[in-house]
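[1] Here you go, sequence then predicted model.
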Amino acid sequence: MSEDLAKRHYVPAELGTLRTWLVAAIFVNLAIVPLEWLRVGDLAMLSVLDAAILGILLMMLPDEGAGGKRDFAIIVAGVAMISALLRLATSELAVFDYWARAWLILPAGMAIWWLSSPHVSSWIRGDMTTEGAERGLARNRTLKPRLSAAGVHIVLLHAVAVVLIPVIWILDVALSPGNALGGEVFDQFTGEHFLKILGGESFWIWLRNSVIVSLGTTILGLSLAIPAGYAFSRFKFRGREPAMFSFLLVQMFPGIIILVPYFLVMKSLGLLNSWLGLVLAYSVTALPLCVWMLKGFFDTVPKELEEAALLDGCTQPQVFRKVILPLSLPAVAVTALFSFLAAWNEFLLALTFNTSNEMYTLPVGLASMISATGQAWGDFAAASLLVSLPVVLLFILFQRFLVEGLSAGGVKG
Amino acid sequence: MVEVKFERVKKMYDDGTVAVSNLNLTVNDGEFLVLLGPSGCGKSTSLRMLAGLEDVTDGRITIDGNVVNDLSPGARGVGMVFQSYALYPHMTIAENLSFGLRMEKGENRLSKDEIDLRVKETAELLGLTEQLGKKPKELSGGQRQRVALGRAGIRRPKVLLMDEPLSNLDAELRNQMRVEIRRLHDKFGTTTVYVTHDQIEAMILADRIAIMEGGELQQHGPPLEVYNNPANEFVKGFLCKHIDEIVDTANRIFDER
């Protein structure tokens, strides 16, 4: 009985992995073509050839009992490897070349390695014993998670690279002498750009404005959103549903619609070129989302907790302060962070409301550094990094709360 | 002498549903009264009206001679054990227990040392001394239940209210806790109102049973009296027939062995 089962159900994990990997490699090699074309022109067609070879390899992957196919597959893989090594040898040997050829060398290499391993060979030949099949199943059990973990990590590494490469580039420009955009990465280091930005007056003025406006928005927004979220969650009153619905509704409109109306309102209130104007505008635009998030969180706090607190002798405000608020710290932290960042990064309103350098926030100040003649890339890169720094720091500090707050209410206590 | 009186108590919601109609019931001093009935019969609503968590549409509720209809829950001198325990998740067990004592204002307020002593005593009484520094989520269901019990009783309330406190426990724990609850009641003599849908639990725990259905009180009296003299078809079916079936099943199992 068991011998049939084991032999019937055993498929070496390596083959499934190879299939997936080859499909991915074909896509990557095709995707490389435009990039290659920018670098080496018509020679980019070689990548198409590579993709085709990989395709043949994919089709040649043997099933059980197809011994001949296997030999052919190994030969095809060998051809792929030789072609890749040749291309590598005749290229610039830049990081990109290594990466591009790796997507040919590695799949082909692993194919050769796995297809010629003893247990896969015996499976392909069809002369696998029961013990062999059972051992194979056991091997699969440890191998499969490791292989899929490797696959996931490869994907993640690529994603991280896509995100980090621009940042590294900017860092390089910020640290390189002169104001050019290109050049070798990390060949020279200088602090001149950072010193210039930090030594000048403007940056600190912009920083001061951004801090005041962002903090003000957070404080004002939260002190309105927290009670509002609580009220929407706990109390039934006329207009509750329409209000919640309209909160959602206003999110549909692109921000730029409010630009002109807001400008006119602020002008008539005399709040242009002021901190208060921006704080008010930002708080109001952030409120709907904040109220929604907080209401959603308060919904997850069981009513019995408040009832128990009432029975313990608390007044309604005390219930809020001593029971609800401590429990809602993660959600409040997330909402605060969100408000702060929205205000910090906001550009259009700040640009429209404020016309003097004295009141520029950091994004607007940064934009004012873009000149029509001769962009000073080094300074600009340094300034960009400095503007992003507080955001990154805040995220690092609030990491713990963010994970908790975003999944708040997931598990009943 | 703490007597609880429901006088012509009625509860009607905004949409017209009547949860409790014309409830007239007296809980005598030191009595363990069980409100028994199927889901939706109005027993929990009655308890919550007594606690102050629901408004009374009509009628009066008095505790110890005082009409409490308009008193806030915290001022009524009642302690309540919830079905879901409702322990404060962000506080330790000791803080959970002492919370009510710390919220006390005015002349009844205890000093910090007195509060600590009370907490210690309560923890010892309920076997929770090891747990005082932990948070509720680190405790088992049975332990949390005992903390809820302790929290309700630590202020020496005039009336102790319990809303199906044992429903979330497994059978073995339920048996243990039933004994515990009855023991604590006999020790302190607090007037207790206990809500359940479990007929056996009611028969075992109660000094007096009050059976409700459809918002109306069907019958009340000592357990065996009600069992032997059911006042109407509903009581006969819900209480007597049910208990008889259980006894028959038990007998059959033992006979067949």
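    It's in. Numbers count the residues shown, from 1 in each chain, chains lettered A, B, ... in the order given.

[2] Quick one: name the residues of chain B near chain A.
    B:51-53, B:72-75, B:78-80, B:82, B:84, B:86-90, B:99-100, B:103-105, B:136-137, B:151, B:155 (C-beta under 8 Å from any C-beta of the partner chain). In this view, the C-beta of every residue, glycine as well, is placed from N, C-alpha and C.

[3] List only buried entries from those residues.
    For the residues of chain B next to chain A, a burial check counting by 16 or more other C-beta atoms under 10 Å in any protein chain shown picks out B:51-53, B:73-74, B:78-80, B:82, B:84, B:86-90, B:99-100, B:103, B:136, B:151, B:155.

[4] Mind checking which of these land in helices?
    Of these, the ones assigned to helices by DSSP state H are B:51, B:99-100, B:103, B:151.

[5] Contacts for the lengthiest helix in chain B, please.
    Counting residues, the longest helix in chain B under DSSP H turns out to be helix B:171-188. For helix B:171-188, contacts defined as C-beta atoms under 8 Å, 6 or more residues apart in numbering or on different chains pick out B:32, B:125-126, B:141-142, B:145-146, B:149, B:153, B:156, B:160, B:162, B:165-166, B:169, B:192, B:194, B:201, B:204-205.

[6] helix or strand right after that helix?
    Sequence order places strand B:191-196 as the next helix or strand after helix B:171-188, per DSSP states H and E.

[7] list the buried ones in that following strand?
    Buried residues in strand B:191-196, counted by 16+ other C-beta under 10 Å: B:191-196.

[8] Would you mind putting those residues into a markdown table with distance to A:Leu278 and pLDDT alongside?
    Listed next are the buried residues of strand B:191-196 as a markdown table, based on distance: C-beta to C-beta, whole Å; pLDDT from 0 to 100:
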| residue | distance to A:Leu278 | pLDDT |
| --- | --- | --- |
| B:Thr191 | 61 | 93 |
| B:Thr192 | 60 | 94 |
| B:Val193 | 58 | 95 |
| B:Tyr194 | 59 | 95 |
| B:Val195 | 56 | 95 |
| B:Thr196 | 60 | 94 |
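
[9] So the chain: which segments form each domain?
    If you meant another chain, say so; for now it's chain A. Listed by automatic domain parsing, the domain ranges of chain A are A:2-175, A:192-406.

[10] actually it's chain B I care about, not the one you picked
    For chain B, automatic domain parsing gives the domain ranges B:4-77+B:157-256, B:87-156.

[11] Can you lay out the ones you listed as JSON lines showing distance to A:Phe72?
    Below are the domains of chain B laid out as JSON lines (distance: least, C-beta to C-beta, whole Å):
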{"stretch": "domain B:4-77+B:157-256", "distance to A:Phe72": "64"}
{"stretch": "domain B:87-156", "distance to A:Phe72": "61"}
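
[12] Could you tell me how far A:Thr190 is located from chain B?
    Using C-beta to the nearest C-beta, to the nearest Å, A:Thr190 is found at 51 Å from chain B.

[13] contacting residues for that residue?
    Contacts of A:Thr190 (C-beta under 8 Å, 6+ apart): A:175-177.

[14] so how many other residues sit close to whichever residue of the stretch 51-200 of chain A sits closest to chain B?
    Closest residue of the stretch 51-200 of chain A to chain B, C-beta to the nearest C-beta: A:Pro145 (30.6 Å). Residues near A:Pro145, counting by other C-beta atoms under 10 Å in any protein chain shown, number 11.

[15] With the one 10 residues further on instead?
    Using other C-beta under 10 Å, A:Val155 is surrounded by 11 other residues.

[16] Report the secondary structure state of A:Met252.
    Using DSSP: H, G, I helix; E, B strand; the rest coil, the secondary structure recorded for A:Met252 is coil.

[17] Next one: it from chain B, what distance?
    From A:Met252 across to chain B, the span is 33 Å (C-beta to the nearest C-beta).
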